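[1] Turn this into a structure:
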Amino acid sequence: MSRSGFYHHFDEKSAQNRAKQDEADEVVKDIILKAYHFRGRKKGARQIKMTLQSQYSITYNLKRIRRIMKKFNIICPIRKANPYRRMVKATKEHRIYANELKRKFKQGIVGKVLLTDITYLPYRNGKRAYLSTIKDAETNEILAYEVSSSLHLDIALNTLKKLKKHSHLAEDAFIHSDQGFHYTSPIYQALVKKMGLGQSMSRRGNCWDNAPQESFFGHLKDETNFSNCETLEEVKREIKSYMTYYNHYRGQWNLKKLPPAKYRQQLQQVA
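    You can find the predicted model right below:
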């Protein structure tokens, strides 16, 4: 710092300007915290920006939001690597399907590309729950899910059965998964066929072939807190609350800043 700059920093006018800036930042901080805590879910700068616009009709640019967050140590969640690993290898009678999707997640048709996977959710006292979901790749909406205390085949079957309530699936809809034993099971594949769905699978050991589904699990684990859950029922309630938030309130940058359900409605109106 130059000599003149040093003295300028401590003169009365500069001190007054800094005080005014601090007062203005305090006001902005309080507004940002409203968005940060909206519906009890942790958020990063982009989620805060979209929440301010959609819920409070307030527009701040990302640079300002990030500056305020840094200044007041408002910590946004950091994505952690998914530690989920295959627990059972497919046996010889289990059929593996080709990768028909080939990462063409956005095909312009609601309810055509359905992504599915299973992740684990640790909660209090070393307990573990498992979450199975089916996601519409076009809208990012979670169409069906199942929470279980075990990795039995039923977790995938029950998720698939819950998909039946959705009437907006495309005629040529297909479900894409990894090569886990749930999805190569003859019982699971028979149910997929009975429901009139096609089937596609990622290449072995290639998580990028189902990246949007992995991304959802990452956001869920960042934005939920299962450490205080003592029972499976409490985990289920937290998951149910998050699914409502995610589908109906959580704006997404690549969905015109709309939540998945609203984005789907918009696409259906255009069609």
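[2] Okay, helices next: where are they in the stretch 51-200 of the chain?
    62-71, 154-162, 181-184, 186-194 (DSSP state H, counting those that start in this stretch).
[3] Now render these as JSON lines, adding mean neighbour count.
    Yep, even glycine has a C-beta here, placed from its N, CA and C like the rest. As requested, the helices of the stretch 51-200 of the chain are exported to JSON lines (neighbours: other C-beta atoms under 10 Å):
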{"stretch": "helix 62-71", "mean neighbour count": "15"}
{"stretch": "helix 154-162", "mean neighbour count": "19"}
{"stretch": "helix 181-184", "mean neighbour count": "23"}
{"stretch": "helix 186-194", "mean neighbour count": "14"}
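[4] now for those helices, which one comes closest to Gln21?
    helix 62-71 (10.2 Å; C-beta to C-beta).
[5] for the closest one, packing partners?
    helix 12-36, helix 45-56 (3 or more C-beta pairs under 8 Å, 6 or more residues apart in numbering; DSSP states H and E).
[6] so which of the ones you listed is the most packed in?
    Neighbour counts (mean count of other C-beta atoms under 10 Å) averaged over each of the helices and strands packed on helix 62-71 peak at helix 45-56, with a mean of 19.
[7] for it, what is the average pLDDT?
    Averaging pLDDT along helix 45-56 yields 94.
[8] right, so of the helices and strands packed on helix 62-71, which gets closest to Ile74?
    helix 12-36 (6.2 Å).
[9] counting contacts, what elements does the closest one pack onto?
    helix 45-56, helix 62-71.
[10] can you put those helices in CSV and add distance to Leu143?
    Compiled in CSV, the helices and strands packed on helix 12-36 are given as follows (distance: least, C-beta to C-beta, whole Å):
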stretch, distance to Leu143
helix 45-56, 22
helix 62-71, 31
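[11] For Tyr249, which of the ones you listed is the nearest?
    helix 45-56 (7.9 Å).
[12] With just CA atoms, put that closest one into CSV.
    Extracted in CSV, the C-alpha atoms of helix 45-56 (Å, rounded to 0.1, in the frame of the first residue of the first chain):
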residue,chain,number,x,y,z
ALA,A,45,-25.4,-18.8,-3.9
ARG,A,46,-27.3,-19.8,-7.0
GLN,A,47,-30.1,-21.4,-5.0
ILE,A,48,-30.3,-18.3,-2.9
LYS,A,49,-30.5,-16.1,-6.0
MET,A,50,-33.4,-18.2,-7.4
THR,A,51,-35.2,-18.3,-4.1
LEU,A,52,-35.0,-14.6,-3.7
GLN,A,53,-36.5,-14.1,-7.2
SER,A,54,-39.2,-16.7,-6.9
GLN,A,55,-40.3,-16.3,-3.3
TYR,A,56,-39.5,-12.7,-2.4
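[13] Against which helices or strands is that helix packed?
    Using 3+ C-beta pairs under 8 Å, 6+ apart, helix 45-56 sits against helix 12-36, helix 62-71.
[14] how about those helices, which one is nearest Gly180?
    Comparing the helices and strands packed on helix 45-56 under C-beta to C-beta, the one sitting nearest is helix 12-36, at 35.9 Å.
[15] All the strands of this protein, residue numbers only.
    113-123, 127-136, 142-148, 174-177, 198-201 (DSSP state E).
[16] Need those in TSV (columns: mean neighbour count, distance to Asp30 and mean pLDDT).
    As requested, the strands of the chain are arranged in TSV below (neighbours: other C-beta atoms under 10 Å; distance: least, C-beta to C-beta, whole Å; pLDDT from 0 to 100):
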stretch	mean neighbour count	distance to Asp30	mean pLDDT
strand 113-123	22	33	96
strand 127-136	21	35	97
strand 142-148	20	32	97
strand 174-177	23	44	96
strand 198-201	20	48	96
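[17] Okay, now the unreliable bits of the stretch 151-271 of the chain?
    271 (pLDDT under 70).
[18] can you do 90?
    Residue ranges of the stretch 151-271 of the chain with pLDDT under 90: 164-168, 203-209, 227, 268-271.
[19] The most centrally placed residue in the chain - nearest residue in space that isn't next to it in sequence?
    Most central in the chain under C-alpha atoms, centre = their mean is Phe216, positioned 3.1 Å from the mean C-alpha point. Among residues not flanking Phe216 along the chain, Lys135 sits closest, at 6.0 Å (C-beta to C-beta, 6 or more residues apart in numbering).
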